[in-house]
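A.B. asks: sequence and predicted structure are below.
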Amino acid sequence: MNAKIRALLLLVTILLISACQREVATDTTAVSGLRLNNVLGEPTAQGFARAERPRDFLFPADHGPHNQYRSEWWYLTAVLEDDEGNEYGMHFTVFRQALAPQPTGEGPWHTAQAYLGHLAVTDISTGVHLEAERFSRGHPELAGVTSGKDFRAMIEDWTLQSSADGKLNLTLSADALAVGQPDRFGVDLQVQQVGPVVLQGHRGLSKKGPYSASYYYSIPRMQLSGTLKIADRSVKVKGLGWLDREWSTSVLGESLAGWDWFSLQLEDQRSIMAFRLRRHDGARDDYDHGLVVDHQQLPRQSIVGEGDRGVRLLGRDDFSLTPSRFYQDPDGNFWPVSWTFQLDNEQFTINALLDQQTVDLSITYWEGLVEVLDSEGNNSGRGYMELTGYGRDI
């Protein structure tokens, strides 16, 4: 079961428990034994909208929530560096999950939404990876996402927000006690959109199976600057960010064990997303896909996608991803942390810059900073990798 789906399972659990209580906030832990399709719903989940055909995207409204769909996330990853050249990674995520397509009643506790937030920072020079989470029922003072002129995604004291018209220029502020460690850590970053919104898949319709699709767009190469707080240190950093936005109602098929996702930002001004669905039977999935964006070739427009100059969609036969080295975490799970990435006649090596970037919270997945090397072993860029559904067998 992939990490994002498992996150949404947790959110449904929160809602199921909290729905039985009136005007009282509830903290819960995940409940085991819930079947995916019973909780998230079959592809024909009654009352919820589905991603079935291309749509027109309208901004800034589409930066905000789409509550008529069951699942949604705001996913920001960052490749950062300090003045001395030390490297850091950061990822911040807000998940939204709905129990019902409409509010369940009157009052602020009846939004029918729940939210889960993840924050993680990796310090490559010291080999430190810190992580934390927040989860809450939807409530104007606790958690929610708003759009319009003022965009705001918040969960308790964590906020990702913007008040600028036009491009999505954001401020991220989050601070937490690291799970399993005595240290506090936090981020205070300015995030500037310098390129267009990029529609994934068929003009924003991203198919994951014959009955599974989402609406999906990205904003690569966002310019970041600000401060990381790691224990007793405060470090000024700058770098590149990648924002992923996705919403849907359908679920992944029973044939799938998980997925491998890569967002790569190359020195030659290309941004690459590669997405590999992993089947239980080991066969290559027909819905593996990706995207290459050449930022030097893009037209001067605010939204680009399939058919625009500088944008190329990748089908399953246009690329391959082959794991070459595995890391075993303290819980005994094996994660492929080195890969060979073949794209047409180009070959790259993708390596984790730190093996232990496992996110072990209410859900477990691997999400971390990677380097990209060309066929001669030269640096070609940096990026982020997400691995889900792995266990104790290679």
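C.D. replies: Arrived safely, thanks for sending.
A.B. asks: contacts for stretch 49-62?
C.D. replies: Stretch 49-62 is touched from outside by 43-44, 66, 68-69, 101, 147-149, 151, 165, 168, 197, 199, 202-206, 213-215, 217, 245, 247-250, 302-303, with contacts defined as CB atoms under 8 Å, 6 or more residues apart in numbering. (Each C-beta comes from the backbone N, C-alpha and C, glycine too.)
A.B. asks: pull out the buried members of the residues you listed.
C.D. replies: 43, 66, 69, 101, 147, 151, 168, 197, 199, 203-206, 213-215, 217, 245, 247-250, 303 (16 or more other CB atoms under 10 Å).
A.B. asks: just checking, which of the residues you listed belong to strands?
C.D. replies: Judged by DSSP state E, the buried ones among the contacts of stretch 49-62 include 151, 197, 199, 205-206, 213-215, 217, 245, 247-248, 303 as members of strands.
A.B. asks: what's the pLDDT at the spatially most central residue of the chain?
C.D. replies: Closest residue to the average C-alpha location of the chain: residue 75 at 3.7 Å, with CA atoms, centre = their mean. Note for residue 75: predicted pLDDT of 97.
A.B. asks: over to residue 86?
C.D. replies: On the pLDDT scale, residue 86 gets 98.
A.B. asks: renumber starting at 851 from here on
C.D. replies: Sounds good: first residue 851 from here, last item residue 936.
A.B. asks: measure the residue nearest to it when sequence neighbours are not counted to residue 1082 for me?
C.D. replies: Setting aside the residues directly before and after it, residue 936 is nearest to residue 975 in space (CB to CB, 6 or more residues apart in numbering), at 4.3 Å. Relative to residue 1082, residue 975 is positioned 16 Å away (criterion: CB to CB, to the nearest Å).
A.B. asks: among the two, which residue is more densely surrounded?
C.D. replies: In this view residue 975 and residue 1082 are compared by other CB atoms under 10 Å, and residue 975 has more residues nearby, 12 against 7.
A.B. asks: host element of that one?
C.D. replies: Using DSSP states H and E, residue 975 sits within no helix or strand.
A.B. asks: is it true that it touches residue 935?
C.D. replies: No. At 9.1 Å, residue 975 does not count as touching residue 935 under the criterion of CB atoms under 8 Å.
A.B. asks: now residue 1007, nearest residue through space, not along the chain?
C.D. replies: Residue 1007 sits nearest to residue 1025 (CB to CB, 6+ apart), 6.9 Å away.
A.B. asks: need the contact list for residue 1201.
C.D. replies: 1187-1189, 1220-1221, 1223.
A.B. asks: one more time with 6 Å
C.D. replies: Residues in contact with residue 1201, defined by CB atoms under 6 Å, 6 or more residues apart in numbering, are 1188, 1221.
A.B. asks: repeat for residue 927
C.D. replies: Contacts of residue 927 by CB under 6 Å, 6+ apart are 941, 1092, 1234.
A.B. asks: list of residues touching stretch 966-984?
C.D. replies: By CB under 6 Å, 6+ apart, stretch 966-984 touches 857, 861, 936-945, 985, 1005-1006, 1008, 1024, 1026, 1028-1029, 1035, 1080, 1203-1204, 1206-1207, 1209, 1211, 1218-1219.
A.B. asks: now that stretch: buried residues?
C.D. replies: Result for stretch 966-984 [16+ other CB under 10 Å]: buried residues 966-974, 978-984.
A.B. asks: can you check stretch 1203-1213 too?
C.D. replies: For stretch 1203-1213, using 16+ other CB under 10 Å, the buried residues are 1203-1213.
A.B. asks: which other helices and strands does the helix or strand containing residue 943 contact?
C.D. replies: Applying DSSP H and E as the criterion places residue 943 in strand 937-948. Secondary-structure packing of strand 937-948 (3 or more CB pairs under 6 Å, 6 or more residues apart in numbering; DSSP states H and E): helix 853-868, strand 921-931, strand 963-973, strand 1214-1223.
A.B. asks: got the contact list for the closest residue to residue 917 other than its chain neighbours?
C.D. replies: Of all residues not flanking residue 917 in the chain, residue 948 sits nearest, at 6.0 Å (CB to CB, 6+ apart). Applying CB under 6 Å, 6+ apart to residue 948 gives the contacts 917, 920, 962-963.
A.B. asks: for residue 948, give its distance to residue 1035.
C.D. replies: Residue 948 is 31 Å from residue 1035, where distance means CB to CB.
A.B. asks: again with residue 1098
C.D. replies: Taking CB to CB, one finds residue 1098 at 32 Å from residue 1035.
A.B. asks: next: residue 1156.
C.D. replies: 39 Å.
A.B. asks: ok, now residue 1169?
C.D. replies: Distance from residue 1169 to residue 1035, by CB to CB: 35 Å.
A.B. asks: which of those two has more neighbours?
C.D. replies: residue 1035 (24 against 21).
A.B. asks: so how far is the helix or strand where that one lies off the chain centroid?
C.D. replies: Using DSSP H and E, residue 1035 falls within strand 1034-1042. Centroid separation for strand 1034-1042 versus its chain: 17 Å, with CA atoms, centre = their mean, to the nearest Å.
A.B. asks: for it, what is the average pLDDT?
C.D. replies: The average pLDDT within strand 1034-1042 is 97.
A.B. asks: who does that strand pair up with?
C.D. replies: If you go by DSSP bridges, strand 1034-1042 pairs up with strand 1020-1027 (antiparallel), strand 1062-1080 (antiparallel).
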